[in-house]
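Trainee: model the structure of this input:
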Amino acid sequence: GFAGQTAIKTNQLIDTALGGVLFIDEAYTLVSGDNDTFGKEAIDTLLKRLEDDRGKFAVIIAGYKDRIDELLETNPGLASRFTQHLHIDDYKGDELLEIFRRMAEKENYKLSPEAEVILNRLITSIIINKNTSFGNAREIRNIFNGAVGRLSERVMSMPPEEVTKDTLQVFMPEDIKL
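Mentor: Numbers count the residues shown, from 1 in each chain. Here you go, the predicted model:
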């Protein structure tokens, strides 16, 4: 909203994390964009509170490694306060397939055997061609959401007498795409 408001809001958020953890996903977005004045203000406030309230809360910043490294270089005091680094490997193909299956199960969908073969090929292709913005489970969620939409469109185009519980709940190969 205006200069100074960011510090107030940041302090309020930190207050809620006292005695626990403040998790900041994609933390580098605080210093990206045309006007990072607000992000700088948030970081300055966070740094002060990390010092003033040492041991009263933990902060985890998460995101793509290269971008987190850039963030930590933006302020000399920032890197020294984040001394523990944990790299989490990307999911493997079988894990991504299992994530899709669980999403489907949670929403009462299933994969036909043929659709599972197509999904497996798609996941393999995504892993082979991944770049620095590879989204792990987010990629699978996007595939799942697209499959739900395509299944719905496919069922809507069917004659009503052909619609069964299976046609409403089973993904077919044509439903699985990027």
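Trainee: got the phi and psi for the residue nearest the centre of the chain?
Mentor: With distances taken as CA atoms, centre = their mean, the residue of the chain nearest its centroid is Arg138 (5.5 Å). Dihedral angles of Arg138 (phi, psi; degrees, to the nearest 10) stand at phi -60, psi -40.
Trainee: before we move on, what about Phe171?
Mentor: In terms of degrees, to the nearest 10, the main-chain angles of Phe171 are phi -70, psi 140.
Trainee: distance-wise, check Thr74 relative to Asn108.
Mentor: Thr74 sits 46 Å away from Asn108, going by CB to CB, to the nearest Å. Every residue, glycine included, has its C-beta placed from N, CA and C.
Trainee: the more surrounded of these two?
Mentor: Thr74 (15 against 9; other CB atoms under 10 Å).
Trainee: distance-wise, check that one relative to Leu47.
Mentor: For Thr74, the distance to Leu47 - CB to CB - is 11 Å.
Trainee: do Glu70 as well
Mentor: For Glu70, the distance to Leu47 - CB to CB - is 17 Å.
Trainee: pick out whichever of those two has more residues nearby.
Mentor: The neighbour comparison of Glu70 against Leu47 (other CB under 10 Å) goes to Leu47, with 16 against 13.
Trainee: so which elements touch the worst-scoring helix or strand of the chain on mean pLDDT?
Mentor: Within the chain, confidence by mean pLDDT, DSSP states H and E is lowest for helix 76-81 among all helices and strands, at a mean of 88. Applying 3 or more CB pairs under 8 Å, 6 or more residues apart in numbering; DSSP states H and E, we find helix 76-81 packed against helix 37-52, helix 65-73.
Trainee: quick check: buried residues in that helix?
Mentor: Under the neighbour-count criterion of 16 or more other CB atoms under 10 Å, helix 76-81 has Leu78 buried.
Trainee: next helix or strand past that helix?
Mentor: helix 93-106 (DSSP states H and E).
Trainee: give the buried residues for that next one.
Mentor: Those would be 96-97, 99-101, 103-104, for helix 93-106 by 16+ other CB under 10 Å.
Trainee: return it as CSV; C-alpha atoms alone will do.
Mentor: The C-alpha coordinates for helix 93-106 follow below in CSV (Å, rounded to 0.1, in the frame of the first residue of the first chain):
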residue,chain,number,x,y,z
GLY,A,93,9.2,-40.8,-12.4
ASP,A,94,7.6,-43.6,-10.3
GLU,A,95,7.0,-41.1,-7.5
LEU,A,96,5.4,-38.6,-9.9
LEU,A,97,3.1,-41.3,-11.2
GLU,A,98,2.1,-42.2,-7.6
ILE,A,99,1.4,-38.5,-7.0
PHE,A,100,-1.0,-38.5,-9.9
ARG,A,101,-2.6,-41.7,-8.8
ARG,A,102,-3.2,-40.3,-5.3
MET,A,103,-4.7,-37.1,-6.7
ALA,A,104,-7.0,-39.2,-8.9
GLU,A,105,-8.0,-41.4,-6.0
LYS,A,106,-8.7,-38.5,-3.8
